[in-house]
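Student: when you get a sec, could you give me coordinates for this:
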Amino acid sequence: MTRNLLKNPSGEEKLEFWELTENGGSQWKVEDMPGDCGHDFCIDGVAKYFVTSFELCLKKQLIDLLEEGFSDQQLEAQPAITVEDWYCGRTDCGCNYQISVCLLDENHEVIQEFKPTPVILDPEFDDCSWKQIRHTFTDYGPGLRFIYFEHGGQDSKFWDGWFGVRVTGSSVTVEV
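Tutor: Prediction:
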C-alpha cells in the first residue's frame, strides 16, 4: 500500500508543513468547500482547499525519501513515482494554475522534472470545476533522494482578496 508523502495536502492544518515561496496579493488562505462561486469536490473526506490571490502564490514541500523510510536499495530500483493534484477556479473570475515537481539527487541536482505549461481557467469558456493533473515518473535513472513539489497560481483580474486558483488533494506516492 502506498502512502501520500505530502503532509497536509488539503489544508486541514491551515498552511502547516508548507513553505510559501511566493505569497503575493492577499496571500495564501485556506477555505471550506465549496467556497464562494465554487464547486463541490468529487472525493469524500476532502473538506478544505488552499486558495491564491491577485499576485502569484506558490507553496512547496521538499520530501526526503530516506527520512520517509525508503532504503537506498529501494530508490536505486527506480520505483514509479506518481504525482496528483486537484485545481479549480471560481465561476466569477479567471485564474491560472501551475505545478512543478522535480526528482533530486543527494546534492539537490535535478534528475527529472515535470513542469507542464500553466493552465488558464476562464469562466467564460470553462466551467472551472475541479480538475486533476497526474504524472508518473519512471526510468529516471539512479541517485534519487528528494522530491520537490511546488504549485499555485493567481487570479487573472487582479481583484483584491482570494479569487485565484484553488488547490487540494495533492499527493506524491512511491510504488515500492
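Student: going by C-alpha atoms from here, please, whenever you check contacts or count neighbours.
Tutor: Noted.
Student: excluding sequence neighbours, find me the nearest residue to S170.
Tutor: D85 (4.3 Å; CA to CA, 6 or more residues apart in numbering).
Student: wait, isn't the one you found in contact with V167?
Tutor: Yes - taking contacts as CA atoms under 8 Å, D85 lies within contact range of V167: 7.2 Å.
Student: have a look at these two and say which one is more surrounded.
Tutor: Applying other CA atoms under 10 Å to D85 and V167 shows that V167 carries more neighbours, namely 27 against 18.
Student: tell me which residue lies farthest from the centre of this structure.
Tutor: Of all residues in the chain, Q73 sits farthest from the chain's C-alpha centroid, using CA atoms, centre = their mean; the distance is 27.8 Å.
Student: which SSE is it in?
Tutor: helix 72-76 (DSSP states H and E).
Student: for that helix, output the C-alpha coordinates as PDB.
Tutor: Extracted in PDB, the C-alpha atoms of helix 72-76 (Å, rounded to 0.1, in the frame of the first residue of the first chain):
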ATOM      1  CA  ASP A  72      18.900   3.200  -0.900                       C
ATOM      2  CA  GLN A  73      18.200  -0.200  -2.500                       C
ATOM      3  CA  GLN A  74      14.500   0.700  -3.000                       C
ATOM      4  CA  LEU A  75      15.400   4.000  -4.500                       C
ATOM      5  CA  GLU A  76      18.100   2.600  -6.800                       C
END
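Student: where does the residue sitting nearest the centre point of the chain land in three-state SS?
Tutor: Geometric centre of the chain, nearest residue: H151, 4.4 Å, by CA atoms, centre = their mean. Following DSSP: H, G, I helix; E, B strand; the rest coil, the label given to H151 is strand.
Student: what do you get for Y87?
Tutor: Counting by three-state DSSP, the backbone at Y87 sits in strand.
Student: give the bridge partners for it, please.
Tutor: Beta-bridge partners recorded for Y87 (DSSP bridges): K131, V167.
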